[in-house]
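**Q** Sequence first, predicted coordinates after that:
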Amino acid sequence: MSTSVIPARIAMVLVLMGGVCATSLAAQDYVVENFAIAEPLTGEAGDPERGKSVMIDRDLGNCLGCHEVPIDAEFFGTTGPTLAGVRDRLTLAQLRLRLVDSKQITPMSMMPSYYETEGLHRVQKKFEGKTVLSAQQIEDVIAFLATLRRQE
């Protein structure tokens, strides 16, 4: 199957059927293959410290609202899985798709689509067409998640 730019929801169906597809998103195109986005969204490497800041910022990622994260912080949520050792469970490419649009993996996921702009529901007018996180912020969060290995 050739790679082409198609709407995200059709892309999800193709991915679930084992196809390869690309989804148009913001100004960035990306390829979803095998429940993952292999290529970084930016040309700049992610920075783990910036990623950690995005994750704990309640006005940005707010990851702590749903996930336990092995950092010095209080009040973790328990709705989502723990992120302790996440790098041992998932590849960077798998993490990238989960941040970009987790609904492509689990359509009923409560996790926000941090880099999706299409097919969303109940979006305030001022946020229409805008992503929650920038491509660089996504890569920064992935760089931080890459540091979360199992403790021996």
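**A** Nice, I can see it. Residues are numbered from 1 along each chain as shown.
**Q** low pLDDT regions in this protein?
**A** Counting by pLDDT under 70, the chain has low-confidence residues at 1-28, 152.
**Q** That one: helices as residue ranges?
**A** Under the criterion DSSP state H, the chain contains helices at 8-16, 48-56, 86-89, 92-101, 135-145.
**Q** Make CSV from these and add mean neighbour count and distance to Y115 to it.
**A** C-betas here are computed from N, CA, C, even on glycine. As requested, the helices of the chain are exported to CSV (neighbours: other CB atoms under 10 Å; distance: least, CB to CB, whole Å):
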stretch, mean neighbour count, distance to Y115
helix 8-16, 17, 11
helix 48-56, 18, 12
helix 86-89, 15, 18
helix 92-101, 22, 4
helix 135-145, 24, 6
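**Q** Throw these into JSON lines and include distance to L120, thanks.
**A** Converted to JSON lines, those look like this (distance: least, CB to CB, whole Å):
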{"stretch": "helix 8-16", "distance to L120": "10"}
{"stretch": "helix 48-56", "distance to L120": "20"}
{"stretch": "helix 86-89", "distance to L120": "25"}
{"stretch": "helix 92-101", "distance to L120": "10"}
{"stretch": "helix 135-145", "distance to L120": "17"}
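**Q** Can you tell me which of those is nearest to M108?
**A** Nearest to M108 among the helices of the chain is helix 8-16 (12.3 Å), distances taken as CB to CB.
**Q** Relative to Y30, how far out is the residue nearest the centre of the chain?
**A** The geometric centre of the chain, computed from its C-alpha atoms, lies nearest to L99 (CA atoms, centre = their mean), at 0.6 Å. Distance, L99 to Y30, using CB to CB, to the nearest Å: 11 Å.
**Q** G51 and I142 touch, don't they?
**A** Yes. The pair G51 / I142 is scored as a contact, 6.9 Å apart, by CB atoms under 8 Å.
**Q** Test my guess that I105 contacts F35.
**A** Yes. I105 sits in contact with F35 when judged by CB under 8 Å, with a separation of 5.5 Å.
**Q** so what sits against both of those two?
**A** L97 (CB atoms under 8 Å, 6 or more residues apart in numbering).
**Q** what about the strands in this structure?
**A** Under the criterion DSSP state E, strands of the chain are mapped to 5-6, 20-25, 28-33.
**Q** contacts for stretch 78-88?
**A** If you take CB under 8 Å, 6+ apart as the criterion, stretch 78-88 is touched by 63, 65-70, 95, 110-111, 145-151.
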